[in-house]
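Student: below is the sequence, then the predicted model.
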Amino acid sequence: MIRNLLILLTITISSWTYAQQTNESIVVMELFTSQGCSSCPPADELLDVIKEKYQDDNVFVLSYHVDYWNRLGWKDPFSTAGFTDYQRDYAYQFNSRSIYTPQLVVNGSEHFTGSNSRKAVSAIQNYSKLKTSNSIRLKDVQRKDNAIEINYDVKGDTFKQITLALIVSERVTKIGRGENRNRTLKNTNIVANRIVGSKEADSVSISIPDWIEDKDELTIIAYTQNDKLITTGASKVQI
């Protein structure tokens, strides 16, 4: 009986590993948010719930903090102009005249208000049924001084770009000014930095921002996109 159980366990692990490597289905959920936006905390909370509920599935959540709320009294410490530019790229693809928060983009294919749990769950169910066209292998990932060094390779169809994002698992912040003043906010899977490339295989280095602490739990999430920014594959590794 024990031998049979070990065989079954081995088969299960092998199947899981194969699924991870080939990325039979993936769901990448990118939340564009800001600590200065009073409508964003419910979306931040929903992203945290999704992360916990689907932690054993191929569901990848990222929180991109934009900078256009900073002028209204509170400077989001995780925000960058680059993330705002990335959101504008999506607006162009979606034929949207403006950008907004909280916006949740799923697999680069659709977007909706980030606090809409019904649409989020429906999107996860729908995209979990679809196969992807790229698989990403992350290897030799290590922290050296103030950077994360990574080797990667991509298999499958031609893609336009690959994003490698440095993720901080969570942070709790006391907000002193702006629309969320006197509130304590929890942010999940914060994108601390990212690099975008186009090679099928490469060795890259991602700088670690000064605000990251030794106690922070870090992850690399990598995902490929085609020329319409539709997600074609994804992978992750904890550092």
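Tutor: Everything's here; your move. Just so we're clear, the structure is a prediction, and the values are computed from it rather than from any experiment.
Student: doesn't Cys37 belong to a strand?
Tutor: No. Read with DSSP: H, G, I helix; E, B strand; the rest coil, Cys37 is coil and lies in no strand.
Student: identify the residue nearest it in space, chain neighbours excluded?
Tutor: Thr101 (4.7 Å; Cβ to Cβ, 6 or more residues apart in numbering). Using the backbone N, CA and C atoms, a C-beta is placed for each residue, glycine as well.
Student: who's in contact with that neighbour?
Tutor: Contacts for Thr101 (Cβ atoms under 8 Å, 6 or more residues apart in numbering) come out as Phe32, Thr33, Ser34, Cys37, Ser39, Cys40, Ala43, Val66, Trp69, Gly114.
Student: okay, the third one and Gly73: tell me how far apart.
Tutor: Ser34 sits 12 Å away from Gly73, going by Cβ to Cβ, to the nearest Å.
Student: compare neighbour counts for those two and give me the winner.
Tutor: Per other Cβ atoms under 10 Å, whichever of Ser34 and Gly73 has more neighbours is Ser34, with 30 against 14.
Student: go ahead and confirm the more buried one touches Cys40.
Tutor: Yes. Applying Cβ atoms under 8 Å, one finds Ser34 in contact with Cys40, separated by 5.8 Å.
Student: show me what counts as buried in stretch 126-136.
Tutor: For stretch 126-136, a neighbour-count test (16 or more other Cβ atoms under 10 Å) marks Tyr127, Thr132, Ser133, Asn134, Ser135, Ile136 as buried.
Student: and the helix or strand hosting the fifth one, what's its mean pLDDT?
Tutor: Here Ser135 is covered by strand 134-144, with elements defined by DSSP states H and E. This predicted structure assigns strand 134-144 an average pLDDT of 95.
Student: mind listing residues that contact that strand?
Tutor: In contact with strand 134-144 (Cβ under 8 Å, 6+ apart) are residues 21-23, 148-157, 159, 162, 208, 218, 220, 222-224, 232-237, 239.
Student: any idea what the residue nearest the centre of the chain is bridged to?
Tutor: Residue closest to the mean C-alpha point of the chain, counted by Cα atoms, centre = their mean, is Leu62 at 2.6 Å. Beta-bridge pairing for Leu62 (DSSP bridges): Glu30.
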